[in-house]
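>>> The following block contains a protein sequence and its predicted model.
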Amino acid sequence: MSVLLADIDATCAALGYSDGQKYQAEPDAAESLKHLIWILRRDLDNHEYRRHLGRSKVLQTDLVYMLPDYVHHEELSDLLIRLLVILTNPTLLLYRDGAPKDNHGRKVFMELIDILQGYKAAFARDKVWNSLFEKLKQALEIDFAIRSEEQNLLIERILVLVRNVLQVPANPEAECRADNDASLHDQVIWALHITGMLDLVLFVISSPDEEQFHLHGLEIVCLLFREQSAESLADASLQRSLSEKQRDQQELLAARRRERARRQARPPPGRHSRFGGTYVIRNMKSVSDRDVICHQALERVSSIDFDREKEQQKRSHRHIKEEAQVTRRSAFTVRLCLREYCIEVLRSAYNTLVRQVRRVLERNAGSSSHDDSYLLWAIRFFMEFNRLSGLQLQLVSESLSVQCFHWVLTRMQHDMDMIVSDKKQARLWAKRLHVALLTFRELLQSLLALQKLKDDNNARALFDMLLNNVCYVLEYRETVLHLLMNYNEAHST
């Protein structure tokens, strides 16, 4: 193994060098890239070769500089994109049986995540996305009917690379970013925005001809809005709203109150009282119906506690702790960018995307290779954004239908059944059930919002139709009751 690690170091050193203006690749750089791909495909169970490449920082020092300068070199650019996709693969996909449970495996797992976070910082550069934008635009300009298999593979690899970079989890402790500040995720989003990559993703998900790439586009869109809330994006405007100013003012006042209380709670300086003894507490009876005798110091008598020596009841460790949702206020410009992008998705792509992806998922209903959580999350997020921005019925017509209600209900029932039958993955199915339940709740809230549009005849007709076909059907009405009766705190929160 040590011989192969030395071979990896020699291969990385033979890729080339940067002279400060342009990356100078060696004549055999293509063979070196092929060799690295060959090594990664034959990695060990502990992912030693992948971790060694991450520690050598070859992506940060060579690959992201080589790609912009050799984007027009067909062989080199194709090999670079393939290698970048392999290096940025999500860590969970490397483990077939889920995250490891043992200490050593967990340490390797966390090291791989740290390496991916370093890769994500390297992709905050505009030049990398400019070169990928040119490659993707060239391939998409070719009509899908005459497009070759290699060109389709190139489109898929670039979309998967965007997905891989966006899915890297954030590390707030290392970044130390406050709200309204640009985090690493925000920097990547901004680089995608100014280079035009988001526009190409929007074209892909809005075109019925690019149906084979809709799942990748859906994942990218969901990961873009991963740290955002629909409410904060709906309230974003060119100027800070009154509610946002009041919220910031209240947070500042609360912080000042906490600091003042902390200073007041600090004991004043001075000599410590050494006076001690036994005291009788008046008007407090003991078990013998006499005054309580206290054998504590004087300063502790006022805060006497009879439960101090009692043993705490042991709680079951099988209960699932509720996971905190990472939601933050991004930089102001990033929020405006995401708000405009959300509006564009609703106007030009939402109905087409929901229709095509739901058709693909229903076609592969018996397969476990497709996760419907992304579509459920997208339906919930965009419908909430549309409802809070002023409900426009034509933008979400594909979701406000009996077919969509029925599909969400079947997903919930399927997840409930899988929790019982697949006990090893019960926690995973519980998470998917939670996403489906939030989507069902948003469908009902949008249905209530339809009732308020009294001047719109189409909205009134749709509300009556959904009311008769959903709210009056026993199957829908008993869903929440069925969830409560089958609730199990061992795998749900």
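The structure has been received and is ready for your questions. Numbering: from 1, shown residues only.

>>> For the lengthiest helix in the chain, which helices and strands make contact with it?
In the chain, ranked by residue count with DSSP state H as the criterion, the top helix is helix 426-451. Applying 3 or more Cβ pairs under 8 Å, 6 or more residues apart in numbering; DSSP states H and E, we find helix 426-451 packed against helix 373-388, helix 402-421, helix 457-466. Heads up, the C-betas are built off the backbone N, CA and C, glycines and all.

>>> same thing but at 10 Å, please
helix 373-388, helix 402-421, helix 457-466, helix 479-485 (3 or more Cβ pairs under 10 Å, 6 or more residues apart in numbering; DSSP states H and E).

>>> Worst mean pLDDT among those?
For those, mean pLDDT drops lowest on helix 479-485, to a mean of 82.

>>> List the buried residues for it?
By neighbour count with 16 or more other Cβ atoms under 10 Å, helix 479-485 contains the buried residues Thr479.

>>> ok, and what's touching it?
408-409, 412-413, 416, 433, 437, 440-441, 444, 475, 478, 492 (Cβ atoms under 10 Å, 6 or more residues apart in numbering).

>>> Among those residues, which pair sits farthest apart?
Comparing every pair within the contacts of helix 479-485 by Cβ to Cβ identifies Glu475 and Ser492 as the most remote, at 21.7 Å.

>>> between these two, who's got more neighbours?
Taking other Cβ atoms under 10 Å, Glu475 and Ser492 do not tie; Ser492 has more neighbours (19 against 11).

>>> how about that one, secondary structure?
The three-state assignment at Ser492 reads coil, by DSSP: H, G, I helix; E, B strand; the rest coil.

>>> Can you give me the distance of the residue lying closest to it once chain neighbours are set aside to Val420?
Leaving out its chain neighbours, the residue that sits closest to Ser492 by Cβ to Cβ, 6 or more residues apart in numbering is Ala430, at 4.6 Å. Distance of Ala430 to Val420, given as Cβ to Cβ, to the nearest Å: 11 Å.

>>> What of Phe213?
Per Cβ to Cβ, Phe213 is found 35 Å from Val420.

>>> neighbour-wise, which of these two wins?
Higher neighbour count among Phe213 and Val420: Phe213, with 22 against 11, using other Cβ under 10 Å.

>>> pLDDT score for that one?
92.

>>> nearest spatial neighbour of it, skipping sequence neighbours?
Val204 (5.1 Å).

>>> Going by distance to Asn164, which of the contacts of helix 479-485 wins?
Closest to Asn164, out of all of the contacts of helix 479-485 and judged by Cβ to Cβ, is Leu433, at 26.7 Å.

>>> contacting residues for the nearest residue in space to that closest one that is not next to it in sequence?
Closest residue in space to Leu433, ignoring its immediate chain neighbours: Asp415 at 3.9 Å, by Cβ to Cβ, 6+ apart. When contacts are counted by Cβ under 10 Å, 6+ apart, Asp415 touches Asp372, Ser373, Leu428, Trp429, Ala430, Lys431, Arg432, Leu433, His434, Val435, Ala436, Leu437.

>>> could these be laid out in TSV, adding distance to Lys285 and neighbour count?
Formatted as TSV, the contacts of Asp415 follow (distance: Cβ to Cβ, whole Å; neighbours: other Cβ atoms under 10 Å):
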residue	distance to Lys285	neighbour count
Asp372	64	23
Ser373	60	19
Leu428	56	17
Trp429	56	21
Ala430	51	19
Lys431	53	16
Arg432	57	20
Leu433	54	22
His434	51	16
Val435	56	21
Ala436	57	26
Leu437	52	19
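
>>> anything in contact with each of Ala430 and Val420?
Asn488.

>>> Could you check stretch 141-155 and say which residues are buried?
Phe144, Arg147, Gln151, Asn152, Leu154, Ile155.

>>> likewise stretch 79-99?
Within stretch 79-99, the residues scored as buried using 16+ other Cβ under 10 Å are Leu79, Leu80, Ile81, Arg82, Leu83, Leu84, Val85, Ile86, Leu87, Thr88, Asn89, Thr91.

>>> Of those, just say which sits nearest to Leu140.
Closest to Leu140, out of all of the buried residues of stretch 79-99 and judged by Cβ to Cβ, is Ile81, at 15.1 Å.

>>> distance of the closest one from Leu87?
For Ile81 relative to Leu87 (Cβ to Cβ), the value is 11 Å.

>>> what residues do the two have in common as contacts?
Joint contacts of Ile81 and Leu87 (Cβ under 10 Å, 6+ apart) are Leu63, Leu161.

>>> for the closest residue to Leu466 other than its chain neighbours, what are its contacts?
Using Cβ to Cβ, 6+ apart and skipping residues adjacent in sequence, the residue nearest Leu466 is Leu447, 5.7 Å away. Taking Cβ under 10 Å, 6+ apart, we find Leu447 in contact with Leu400, Phe405, Leu462, Phe463, Leu466, Leu467, Val470, Cys471.

>>> Make a PyMOL selection of whichever of those turn out to be buried.
Filtering these down to the buried ones (16+ other Cβ under 10 Å) takes a single PyMOL command:
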select buried, resi 400+405+462+463+466+470
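
>>> Distance to Gly20 for the contacts of Leu447 - can I get that in CSV?
Below are the contacts of Leu447 laid out as CSV (distance: Cβ to Cβ, whole Å):
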residue, distance to Gly20
Leu400, 57
Phe405, 60
Leu462, 62
Phe463, 65
Leu466, 63
Leu467, 68
Val470, 64
Cys471, 67
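
>>> Tell me where the stretch 201-350 of the chain has strands.
279-285, 291-294 (DSSP state E, counting those that start in this stretch).

>>> Tyr119: which of these is closest?
strand 291-294 (62.7 Å).

>>> CA atoms of the closest one as PDB?
Provided in PDB are the C-alpha atoms of strand 291-294 (Å, rounded to 0.1, in the frame of the first residue of the first chain):
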ATOM      1  CA  ASP A 291     -39.000  23.100  62.700                       C
ATOM      2  CA  VAL A 292     -36.500  22.000  60.100                       C
ATOM      3  CA  ILE A 293     -32.900  21.900  61.300                       C
ATOM      4  CA  CYS A 294     -30.400  22.900  58.600                       C
END
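
>>> List the buried residues in that strand.
Val292, Cys294.

>>> Mind listing what's buried along stretch 63-75?
Quick answer for stretch 63-75 (16+ other Cβ under 10 Å): Leu63, Val64, Tyr65, Met66, Leu67, Pro68, Asp69, Tyr70, Val71, His73.

>>> and Arg266, what does it touch?
Contact analysis of Arg266 by Cβ under 10 Å, 6+ apart lists nothing.

>>> circling back to that earlier point, where's the dip in pLDDT among the buried residues of stretch 141-155?
Phe144 (85).

>>> Let's verify that one: helix, strand, or coil?
Strictly by three-state DSSP, Phe144 counts as coil.

>>> Now it: closest residue in space, sequence neighbours ignored.
Residue nearest to Phe144 in three dimensions, not counting chain neighbours: Asp209, with 4.7 Å by Cβ to Cβ, 6+ apart.

>>> quick one: pLDDT of Glu311?
Value listed for Glu311 in the pLDDT field: 73.

>>> same deal with Ile320?
50.

>>> Just the CA trace of stretch 343-354, in CSV.
Only the C-alpha atoms of stretch 343-354 are listed here, as CSV (Å, rounded to 0.1, in the frame of the first residue of the first chain):
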residue,chain,number,x,y,z
ILE,A,343,-39.7,33.3,-8.9
GLU,A,344,-38.1,32.3,-12.2
VAL,A,345,-38.5,28.6,-11.3
LEU,A,346,-42.1,29.1,-10.4
ARG,A,347,-42.9,31.0,-13.6
SER,A,348,-41.0,28.8,-16.1
ALA,A,349,-40.2,25.4,-14.7
TYR,A,350,-42.2,24.4,-11.6
ASN,A,351,-45.2,22.7,-13.3
THR,A,352,-43.1,21.0,-15.9
LEU,A,353,-40.6,19.8,-13.3
VAL,A,354,-43.2,18.4,-10.9
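
>>> This completes my enquiry, with thanks.
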